[in-house]
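>>> The following comprises the amino acid sequence and a computationally predicted model.
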Amino acid sequence: MQAPSVGGVMLPRGNGQAVRLSRGASLTDFAEKINANPASLVGVMMNLGEMVTATQSVPDETLKMLADEMNFVLEIVSPEEEDRELLESFDIEFGEDEGGEEALVSRPPVVTVMGHVDHGKTRLLDAIRKTNVVAGEAGGITQHIGAYQVGAEVNGEDRRITFIDTPGHEAFTAMRARGAKSTDIAILVVAANDGVMPQTIEALNHAKAADVPIVVAVNKIDVEGADPVKVRGQLTEFGLVAEEYGGDTMFVDISAKQGLNIEALLEAVVLTADASLDLRANPEQDAQGIAIESHLDRGRGAVSTVLVQRGTLRIGDTVVVGDAYGRVRAMLDDKGENVEEAGPSTPVLVLGLTNVPGAGDNFLVVDEDRTARQIAEKRAARERNANFARKGVRFSLENLDEALKAGLVQELNLIIKGDASGSVEALEASLLQLDVGEEVDIRVLHRGVGAVTESDINLATGSDAIVIGFNVRAAGRAAQMADREGVDVRYYSVIYQAIEEIEAALKGMLKPEYEEVELGTAEIREIFRSSKLGNIAGVLVRSGEVKRNTKARLLRDGKVIAESLNISGLRRFKDDVTEIREGYEGGINLGNFNDIKIDDVIATYEMREKPRG
C-alpha cells in the first residue's frame, strides 16, 4: 500500500506506530508527533471529505480516521492521565502519601449513602445530623452534594465518620459515581416495604465499581408491608450476603423517620472500616483531596466544599481546585463555623477561589501563587480544547443550512446556567443522553455557574438557543434583554422537569403523528342526579377498561352524540378509582356534559404517538 501524498509531498506512514494525543488536539499537534507538515494533513483531511483547519480542535473520531489513513494507532490520553502528566511537569505527586509507615495516622471513614429515589437516603442523613434537610429540597430530591462529619461511640471510644450526601435521582448518576470514587464505604439504603429497585442495583454497581465495602441499611421497618428478610434474600442474588446468613455484609434494620437503630448503623460502618480497610493518611504533608460541590455565593464569591484526603489544609494556603486557584481566605465546617485547619477525611467549605471548580475536580496545595495559576490555566485550556472538539457537529457550516432546509438534521441549541457545578454537569449529561432519533441534534453551547447574564442572552440571540436556569434567575438587565430579543429563558428547580420539557421540545421538532386507540366501552344502566356534580352515569364496562382523565365520546343507537368528552370522575361504590375493568360496574362523571340516557354507550379512547418507523 502506497504512502499517502498531497501535492506530490509524500507523508510518513506509521506502520502501526502509536501516537499519543490529548483530547481536543489539532492537526498541528498530530503533525508535530509524526514530523509532518500540518498543511499536508489538512490536505489529507480534504481528501477524506472533512474540512478542518490546522489549528482547530478536532474530535477524537476525526483524528482516528486520519491516523487509520496513515497507518498510525491513535491513543487519546485520558483526562486523569493528562492531569497526572501536567502535575508531574511541576514535580507534584497527586494521590500519594509522603513519608513512610511512621508518618501515617488513622483517619475517619468517608461514607456515601446510596440507593433508590424515595427510599429515605436524605431522611437517614437527616436523622444522623439531627437537622432537617428534606424540607428545603425541591421535589424531595437532593439537588447538591454536601459533606458532613458526625461522631459515634463504638466500644466506649469516640469515633468520627464523614458522610458525603450524593443525589438520589437517576439524572445525577455521574455525580453519584464520582461520590463513590471519593468514598471508603457505601451505605446502601433499601426500603423494607419496596425491596430492591432499579436504582438500588445501579447504586450497588457504582459501589462495586469503586471497590468499596457496603453496609446495607434496611429502612422503613416501621411501615406497613415492611419485610426486611425479603430484602436480605433479594440482595443475596447480587452478591451481598448478610452476616447472619454466613456472609460478610452487615445489614442493619432502621427507621430513619423514627430514628430507630441509627447508632447501630454508625457502629456497623466503623466496624466494617476497621475489619476491611486500612484508613490512614499523613496529616503533615501539603493537603490534597477532592471538590465535592461548588457554587457562586452572592456575598462570598466562588466557594467549594472540599474533602481533604491527605495532609492538612490551613487558612492562607495556596490551592488549585480543577481550573480554579486562590488563597484560602476562610474555611467553614458543616455547621457553618469558622475553622483554622482541616485534616484527613474532613470536609470544609473553602473561600477565596478565582472561579467555580467542577464537582469531582481534585485539589492540592502548592508553594507559590504563580504555580497555582499556571496549573489552573493549563487545565482550563485543556478543557476548553476538549469542549471545542466535542462541539463539532456532524455538518460543516457550509452544508448545515442546506441540511436544515432539507430536513436532514434539526438542532436544539442550549445554554445551561445553574447554582452549583454538579447540578449543571448532571443536567447537561442527562440532556445529551436523550434519545429522540437521529433527525434531531442537541448541542450545549455553554454551561456555567451563576445567574443568567447579558452575555448568555447575547450568545443565545446569535445562535437561536434556549437558556435553562437551574435554581438561578436572570440577573440585572438580562431579563429585559431576553424579552426584547425574544430569547426563550426557562427556569427549573427540579432536574427531571427540565429533562422532560426538553425531551418534549425535541419530540415536537420531530412533528409526531398520533393515532386514536380505543380503551374501552361502558353501557349506561342507571342515571344518578347530583346537585354538585350533575348527572352521573351508572355503567357496566362492556369491553377493555375505562380510565379517569381519558377522552370519551357518547354513542346513542350507534350514532355519535358528543365528541371530546372527558372522564373527569370515576367511582366504584363509594370509592374514587383510576380505572374500571371489563365486567365491573361503576359510576362515570362526564364533567359539564349532562345529556345522557339509559342504554347510551360511553366509548373511551386516547391519542397515542405513532412510533416512527
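Right, received. Where do you want to start? Quantities reported herein were computed from a predicted structural model and do not represent experimental measurements. Numbers count the residues shown, from 1 in each chain.

>>> all contacts plus neighbour counts: C-alpha atoms, from now on.
Will do.

>>> contacting residues around Asn338?
When contacts are counted by C-alpha atoms under 8 Å, 6 or more residues apart in numbering, Asn338 is found next to 330-332.

>>> and if you look at Leu349?
303-306, 331-334.

>>> same check, this time on Ile76
20-23, 60.

>>> Pick out whichever of those sits closest to Leu265.
Closest to Leu265 out of these is Arg23 (43.8 Å), distances taken as C-alpha to C-alpha.

>>> give me the element the closest one is part of.
When secondary structure is defined using DSSP states H and E, no element contains Arg23, which sits outside every helix and strand.

>>> ok, and the closest non-adjacent residue to Glu485?
Leaving out its chain neighbours, the residue that sits closest to Glu485 by C-alpha to C-alpha, 6 or more residues apart in numbering is Thr461, at 6.8 Å.

>>> Could you double-check that that neighbour lies in contact with Arg484?
No: applying C-alpha atoms under 8 Å as the test, Thr461 and Arg484 come out as separate, 10.4 Å apart.

>>> And these two? Which one has more around it.
Neighbours around Thr461 and Arg484, counted as other C-alpha atoms under 10 Å, are more numerous at Thr461. The numbers are 17 against 9.

>>> Need the three-state assignment for that one.
Per DSSP: H, G, I helix; E, B strand; the rest coil, the local secondary structure of Thr461 is helix.

>>> still on that earlier bit, ok, of the contacts of Ile76, which one's closest to Gly49?
Taking C-alpha to C-alpha as the measure, Asp60 is the one of the contacts of Ile76 closest to Gly49, at 16.1 Å.

>>> quick one: that closest one from Arg84, how far?
As judged by C-alpha to C-alpha, to the nearest Å, Asp60 and Arg84 stand 20 Å apart.

>>> burial of Val105, as a residue count?
By other C-alpha under 10 Å, neighbour count at Val105 equals 13.

>>> which residue sits closest to it in space, ignoring its chain neighbours?
Spatial nearest neighbour of Val105, chain neighbours left out: Arg280 (5.1 Å); criterion: C-alpha to C-alpha, 6+ apart.

>>> and if you look at Thr318?
Arg327 (4.4 Å).

>>> residue contacts, the one you found?
For Arg327, the contacting residues are 315-319, 352-353, 369, by C-alpha under 8 Å, 6+ apart.

>>> Would you list the buried entries among these?
Listed as buried from the contacts of Arg327 are 315, 317-319, 352-353, 369; burial here means 16 or more other C-alpha atoms under 10 Å.

>>> And the strands in the stretch 401-550 of the chain, which stretches?
For the stretch 401-550 of the chain, strands defined by DSSP state E, counting those that start in this stretch occupy the ranges 410-418, 440-449, 465-470, 489-492, 514-530, 534-547.

>>> how much distance is there from the helix or strand that contains Leu235 to the middle of the chain?
Taking DSSP H and E as the definition, Leu235 sits inside helix 228-236. Once both centres are worked out by C-alpha atoms, centre = their mean, to the nearest Å, helix 228-236 turns out to sit 28 Å from its chain's centre.

>>> what comes up buried for that helix?
228, 231-233, 235.

>>> Likewise for stretch 454-467?
Within stretch 454-467, the residues that qualify as buried are 454, 456-458, 460-461, 464-467, counting by 16+ other C-alpha under 10 Å.

>>> and what of stretch 290-303?
By neighbour count on 16+ other C-alpha under 10 Å, the buried set for stretch 290-303 is 290-296, 302-303.

>>> Ok, stretch 517-533 next?
If you call a residue buried by 16+ other C-alpha under 10 Å, then stretch 517-533 has these buried ones: 518-525, 527.

>>> Name the nearest of those relative to Ile164.
Relative to Ile164, the closest of the buried residues of stretch 517-533 is Leu519; by C-alpha to C-alpha it sits at 47.7 Å.

>>> give me every residue that touches Leu266.
Ala152.

>>> so which strand or helix has it?
Leu266 is part of helix 262-276 when elements are defined by DSSP H and E.

>>> List the contacts of the nearest residue to Thr162 once chain neighbours are set aside.
Distances taken as C-alpha to C-alpha, 6+ apart place Gln149 nearest to Thr162, at 4.3 Å, with adjacent residues excluded. With contact set as C-alpha under 8 Å, 6+ apart, Gln149 has these partners: 160-163, 334, 346-347.

>>> So Gln149 belongs to a strand, correct?
Yes: assessed with three-state DSSP, Gln149 lies in a strand.

>>> separation between it and Pro108?
Separation of Gln149 from Pro108 (C-alpha to C-alpha) stands at 9 Å.
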